[in-house]
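Chemist: I'd like to go over a predicted model; first the sequence, then the structure.
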Amino acid sequence: MGKIGKPVRVDAAFETRKAAFLEKMNRLREHEQKVHLGGGKKAIEKHHEKGKLTARERIAKLIDPSSDFIEIGLFTAEGLYREHGGAPSAGTVMGIGSIHGRKCVIVANDATVKAGAWFPMTAKKNLRAQEIAMENRIPIIYLVDSAGVFLPMQEKIFPDKEHFGRIFRNNAMMSSMGIPQISAIMGMCVAGGAYLPIMSDEALIVEGTGSVFLAGSHLVKAAIGEDIDNESLGGATVHSELSGVTDYKMKNDDECLEKIRSLVSHLGHPIKTGFDRIESSDPDFPVEDLYGFLPDSGSKPYDMMEIIARLVDGSEFDEYKAGYGKSIITGYARVDGWSVGIVANQRLVTRTKAGEMQIGGVIYSDSADKAARFIMNCNQKRIPLVFLQDVTGFMVGSRSEHGGIIKDGAKMVNAVANSVVPKFTFIIGNSYGAGNYAMCGKAYDPRLIFSWPTGQIAVMGGKQASETLLSIKIQTAEKHGHHVSDSDRQEFLKEISDRYQAQMNPVFAAARLWTDGIIDPAETRKIISTGIEVANHQGDLPRFNPGVLQT
């Protein structure tokens with residue numbers, strides 16, 4: 001492999017960019033700490049008074065000491081449901097952790113948030129957790145403490161294909177796939193939600209705090225006139241000694257979590273997929289360089305190869321078709337010892353062999369063709385793919401259209417869609433239009449997709465979109481006989497631009513689970529490595545069929 005990268009030039013401009021980036025990171029960390037509190041300090045105190053650990057405390061005790069927990073969906077529902085008081089993290093903590101060295105998906109209801117009730121985004125987040133378990137065939141642990149569906153929004157969570165019922169469908173599917181599911185009832189477990197733990201392979205219940213029933217005591221009284229308390233109706237003793245619904249009765253949260261660890265320790269080992277890994281080595285350059293390396297504007301050029309040099313082992317990279325299709329970089333490298341294929345948008349202005357200028361971040365026909373062929377090669381070689389997105393879309397104009405940009409773009413999209421090796425996507429900068437699709441956006445099933453604080457997802461750039469929307473608004477106003485003055489134009493433009501820029505904020509995307517979260521660039525290597533380790537449990541890969549690439 002060839003060495004890439006060079007030391008950064010630490011000058012005033014570098015220090016200014018670094019300070020701006022670190023300020024973004026600090027604001028993000030402050031935001032994260034606030035979300036970590038869930039329903040707030042008072043709600044946490046009340047939770048503790050009941051003898052219960054919080055969702056995050058439960059996960060911390062469940063996973064191996066000093067091990068990492070890759071949280072997914074921290075900002076889920078951020079800014080949503082304000083009319084109902086909000087739902088930090090959608091009332092659920094979810095991610096990937098190690099239990100006795102085995103990677104598991106862990107889902108824990110946060111009962112400090114509306115008693116752990118399910119909002120629409122709660123269902124979406126739980127479905128994402130099950131998707132990760134099913135794709136990678138790894139165990140999933142549910143720590144249940146929920147009052148059930150949030151009734152004021154029941155029509156948005158109950159009946160549709162991707163709503164609440166899909167959770168239980170997936171329980172059944174995972175059971176048939178042989179994916180271990182362990183549930184612990186550590187608080188309320190009500191109505192339809194009661195099916196989730198009982199459709200798992202094994203169910204634990206905590207004495208005194210855990211209860212599970214299709215209808216609580218108040219509803220039973222209203223429905224059939226029976227007068228009974230919740231503990232007598234569906235508490236730990238009832239279900240462990242009378243109904244046989246649960247398998248283990250635990251004295252408290254600590255004993256329950258230790259029992260789960262014991263159950264996981266007995267699981268058989270899966271057949272490995274066989275992704276190649278050797279001894280890991282650090283990049284030649286500090287990852288902290290990235291804080292001052294990235295430009296302060298998404299329209300400014302930079303060398304993506306320098307980003308790669310700070311992410312891959314030994315800063316070594318075997319570039320594929322280095323002189324062709326230069327607006328996309330493709331090549332082989334290693335991350336924490338794992339063999340990977342990298343597809344990255346080049347942000348430098350380059351020239352073709354014919355002397356034509358190519359704008360950075362734009363996908364041209366030759367770049368799309370190169371990327372499609374490289375993706376096919378990685379599938380044939382069983383090499384996981386890493387996408388580094390900073391893309392403004394496909395090239396437009398008569399020359400590109402006459403050159404068949406649509407066909408070449410379709411080849412790349414087809415290769416990404418049909419790829420069977422694990423894909424991991426990181427949105428470093430822009431992620432616009434069809435470029436988002438071609439570079440493995442959320443719709444193309446990346447195993448994990450994270451954004452850096454500089455990531456922006458939109459159908460097009462803010463300036464172009466704002467001017468387009470302004471033009472439409474002015475035409476509509478004038479069509480109805482309203483004169484639009486220059487001051488009105490400026491006011492409209494600012495209103496539209498501010499709204500559009502807010503929607504391009506990475507938190508906006510993370511709130512809707514368009515991404516799995518927002519990370520410090522220094523975490524990128526860890527996430528890639530963990531993702532491949534998890535994917536290596538899925539067993540043999542299905543056959544890759546490149547489809548339109550054959551033509």
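Modeler: Received the coordinates, thanks.
Chemist: drop to CA atoms for contacts and neighbour counts, all remaining ones
Modeler: Fine.
Chemist: how many neighbours does Ile63 have?
Modeler: 24 (other CA atoms under 10 Å).
Chemist: what does Ile532 give?
Modeler: Other residues within reach of Ile532, judged by other CA under 10 Å, total 27.
Chemist: dump the residue contacts of it.
Modeler: Neighbouring residues of Ile532 by CA atoms under 8 Å, 6 or more residues apart in numbering: Phe275, Trp338, Pro384, Pro422.
Chemist: Looking at the residues you listed, which are in helices?
Modeler: The members of the contacts of Ile532 all map outside helices under DSSP state H.
Chemist: Could you dump those residues into a markdown table and include distance to Leu80, neighbour count and pLDDT?
Modeler: Supplementary listing: those in a markdown table, determined by distance: CA to CA, whole Å; neighbours: other CA atoms under 10 Å; pLDDT from 0 to 100:
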| residue | distance to Leu80 | neighbour count | pLDDT |
| --- | --- | --- | --- |
| Phe275 | 40 | 19 | 97 |
| Trp338 | 38 | 21 | 98 |
| Pro384 | 35 | 26 | 98 |
| Pro422 | 31 | 25 | 98 |
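Chemist: and which of these is nearest to Phe213?
Modeler: If you rank these by distance to Phe213 using CA to CA, Pro422 comes first, at 39.6 Å.
Chemist: do you know how far the closest one is from Ile140?
Modeler: 19 Å (CA to CA, to the nearest Å).
Chemist: ok, now Ala511?
Modeler: For Ala511, the distance to Ile140 - CA to CA - is 23 Å.
Chemist: what do you get for Ala215?
Modeler: For Ala215, the distance to Ile140 - CA to CA - is 26 Å.
Chemist: Equivalent analysis for Ala502, please.
Modeler: From Ala502 across to Ile140, the span is 35 Å (CA to CA).
Chemist: When those two are compared, which one has more neighbours?
Modeler: Ranked by neighbour count (other CA under 10 Å), Ala502 and Ile140 place Ile140 first, with 24 against 13.
Chemist: who's in contact with the closest residue to that one other than its chain neighbours?
Modeler: Nearest residue to Ile140 in three dimensions, chain neighbours excluded: Val105, at 4.6 Å (CA to CA, 6 or more residues apart in numbering). Counting by CA under 8 Å, 6+ apart, Val105 touches Met94, Gly95, Ile96, Gly97, Ala129, Ile132, Ala133, Ile138, Pro139, Ile140, Ile141.
Chemist: farthest pair in the contacts of Ile532?
Modeler: Taking CA to CA, the two most distant members of the contacts of Ile532 are Trp338 and Pro422; they sit 12.3 Å apart.
Chemist: counting contacts, what elements does the helix or strand hosting Ser497 pack onto?
Modeler: In the assignment (DSSP states H and E), Ser497 maps to helix 486-504. In terms of contacts (3 or more CA pairs under 8 Å, 6 or more residues apart in numbering; DSSP states H and E), helix 486-504 is packed against strand 456-458, helix 462-479.
Chemist: Indicate each strand paired with the shortest one and its parallel or antiparallel sense.
Modeler: Within its sheet, and counting by DSSP bridges, strand 456-458 is paired with strand 423-432 (parallel).
Chemist: who touches the partner strand?
Modeler: Surrounding strand 423-432, the residues in contact under the criterion CA under 8 Å, 6+ apart are 298, 384-393, 439-441, 445-461, 528, 531.
Chemist: Then stretch 408-421?
Modeler: 365-366, 368-369, 371-372, 375-376, 378-379, 382-385, 394, 437-440, 444-445, 541-549.
Chemist: at 6 Å instead, please
Modeler: For stretch 408-421, the surrounding residues in contact (CA atoms under 6 Å, 6 or more residues apart in numbering) are Ser365, Ala368, Asp369, Ala372, Asn379, Pro384, Ala438, Tyr444, Phe544, Pro546, Leu549.
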